[in-house]
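>>> Give the three-dimensional model of this entry:
(one chain, ligands or ions: 1)
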Amino acid sequence: MNAPLLTLNDGHPLPWIGFGTYPLRGSAGHVAVRAALDSGFRLLDAAANYRNEVEVGRAVREFLTETRIPRDEIFVQTKVPGGRHDYDDAIEACDDSLALLGLDRIDVVLLHAPDPATDAYRDAWRALVDLRARGVVRSLGVSNVTAQQLATIVADSGVVPAVGQVAMDPYSQQHPMRSEFARLGIVTQSWSPLGGATPALAEPAVAGAAAAHGVTPAQVVLRWHLQQRSVPLPMSTEFAQQREFLDVFRFALTDAEFAGISALGRDVP
Ligand SMILES: NC(=O)c1ccc[n+]([C@@H]2O[C@H](COP(=O)([O-])OP(=O)(O)OC[C@H]3O[C@@H](n4cnc5c(N)ncnc54)[C@H](OP(=O)(O)O)[C@@H]3O)[C@@H](O)[C@H]2O)c1
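So this is what the prediction gives:
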């Protein structure tokens, strides 16, 4: 089962759900990422900091060769770490990612967790904009940025990111940042969408909705992300669990169920 596609503000498509790849590494990591592709995931969320671009790229290249699925149907996302946020370093970081992945294009590259103590992220963003113009990266995004950092890069470059990643789950809902993303037409991606398997999965509001729809609590939480137009990036090493994550497009939470889960927020304004 494949996820439906959304359209980013730069006109490119992106699946409505992606597979998180942290902390998958080594041969077990490669097997898990390959299983995710076999399960039907088409968006993979990697990062230079996860030190797994070799494993992710190997799984993608094998999958493309064996299935003959077109490259354009797979979306590989990676991130330029805060430690490489100046112009030249960001260019080199993307070159390194391309080499480690063994691909000739990165589908989405994110500016990852800029250091609030420096302005270097502004130069790194300019570098990403230039790489996009060269065609080696297709869409641009940000991860763990402040509203001020986001406003600064948009004012500097005139380029609004297509994707914004935040840590989001039923307990931590990130309303101010998500409102800013929505105002700018940036698609929110939720990292740790299950809360890293926090007790949110056992909350009566989640368990009750799961029982009502004959699905699991994890599926309910992923559906809750989707119904507020946030792209979840769950991770599991388990093939059956990965397939379950993708099976979230055939049911919908009622308004009351959705509100019950949203009421779990501990950061609701
Ligand atoms: N931008 C950033 O700074 C940033 C930071 C952290 C993460 N991320 C991204 O977000 C992705 C997801 O983050 P995450 O792995 O913390 O989030 P998650 O998907 O919320 O949680 C994954 C954990 O939950 C377990 N799990 C999965 N399904 C479950 C279920 N039905 N019941 C109970 N436990 C279950 C998994 O274990 P099993 O493997 O045993 O199933 C795994 O330990 C990462 O892989 C990464 O790509 C981004």
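
>>> What segments of this structure are helices?
Ranges of helices within the chain are 26-39, 53-67, 87-101, 120-134, 147-157, 175-184, 204-213, 217-226, 239-246, 255-262, based on DSSP state H.

>>> Would you reformat those as TSV and include mean neighbour count and mean pLDDT?
For every residue, glycine as well, the C-beta is placed using N, CA and C. Shown next, in TSV, are the helices of the chain (neighbours: other CB atoms under 10 Å; pLDDT from 0 to 100):
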stretch	mean neighbour count	mean pLDDT
helix 26-39	19	98
helix 53-67	19	98
helix 87-101	18	98
helix 120-134	19	97
helix 147-157	15	97
helix 175-184	16	97
helix 204-213	17	98
helix 217-226	24	98
helix 239-246	18	97
helix 255-262	16	98
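
>>> would you list those helices in JSON lines and tack on distance to the ligand?
As requested, the helices of the chain are arranged in JSON lines below (distance: least, CB to the nearest ligand atom, whole Å):
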{"stretch": "helix 26-39", "distance to the ligand": "8"}
{"stretch": "helix 53-67", "distance to the ligand": "10"}
{"stretch": "helix 87-101", "distance to the ligand": "14"}
{"stretch": "helix 120-134", "distance to the ligand": "14"}
{"stretch": "helix 147-157", "distance to the ligand": "14"}
{"stretch": "helix 175-184", "distance to the ligand": "13"}
{"stretch": "helix 204-213", "distance to the ligand": "10"}
{"stretch": "helix 217-226", "distance to the ligand": "3"}
{"stretch": "helix 239-246", "distance to the ligand": "5"}
{"stretch": "helix 255-262", "distance to the ligand": "15"}
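
>>> Can you lay out those helices as a markdown table showing distance to Gln77?
Shown next, in a markdown table, are those (distance: least, CB to CB, whole Å):
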| stretch | distance to Gln77 |
| --- | --- |
| helix 26-39 | 13 |
| helix 53-67 | 10 |
| helix 87-101 | 10 |
| helix 120-134 | 13 |
| helix 147-157 | 18 |
| helix 175-184 | 16 |
| helix 204-213 | 27 |
| helix 217-226 | 17 |
| helix 239-246 | 17 |
| helix 255-262 | 26 |
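
>>> Nearest to Thr198 among those would be which one?
The closest of the helices of the chain to Thr198 is helix 217-226. By CB to CB, the value is 10.0 Å.
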